[in-house]
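Student: my questions are about this predicted structure, shown below with the sequence.
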Amino acid sequence: MSETQARPLRVMVVDDQEGVRMVVADTVRYAGHDVVATAGDGDEAIEQARTHRPDIIIMDVQMPRLNGAVAMERILQEGTASRVILMSGEWRSAGYTTSDLLKRGAAAFMEKPFNVTRLFELLDSYSRS
């Protein structure tokens with residue numbers, strides 16, 4: 001049996017902290033994938049997803065205007081992205097559990113500060129499916 005060939009993913013990075021967006025985007029590029037868009041809040045994420053139709057979105061949960069969990073649900077309902085990885089350091093304070101976020105549709109959840117190896121593993125897995 002041959003292993004499925006990895007393909008570069010089209011990734012969107014969403015976080016209200018510009019520094020985090022830059023680090024995550026650089027990590028995605030280092031892993032061999034394309035960053036097609038970035039956004040600073042959930043409303044902007046929805047608009048950017050409509051425009052760029054990324055394969056995967058890496059999105060913070062706690063953001064102003066519209067949080068990542070709600071934005072993820074809308075994006076998945078619209079079908080403008082197939083997978084969303086949520087990440088946060090403060091999701092519990094918003095009343096979410098990891099189980100809640102996965103039930104809402106997240107492909108995975110990563111706690112901040114995020115584990116680079118785990119992100120590489122997730123991206124590699126998704127690029128082969």
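Tutor: Thanks, I have it.
Student: for Leu122, which non-adjacent residue is closest in space?
Tutor: The shortest distance from Leu122 to any non-neighbouring residue, by Cβ to Cβ, 6 or more residues apart in numbering, is to Ala108 (5.5 Å). Quick note: C-beta positions are derived from backbone N, CA and C, even for glycine.
Student: how near is the one you found to Leu119?
Tutor: Ala108 sits 9 Å away from Leu119, taking Cβ to Cβ, to the nearest Å as the criterion.
Student: also Ser88?
Tutor: The span separating Ser88 from Leu119 equals 14 Å under the rule Cβ to Cβ.
Student: those two: which has the busier surroundings?
Tutor: A direct count of neighbours by other Cβ atoms under 10 Å for Ser88 and Leu119 places Ser88 higher, at 24 against 19.
Student: go ahead and confirm the more buried one touches Gln62.
Tutor: Yes - at 5.4 Å, Ser88 counts as touching Gln62 under the criterion of Cβ atoms under 8 Å.
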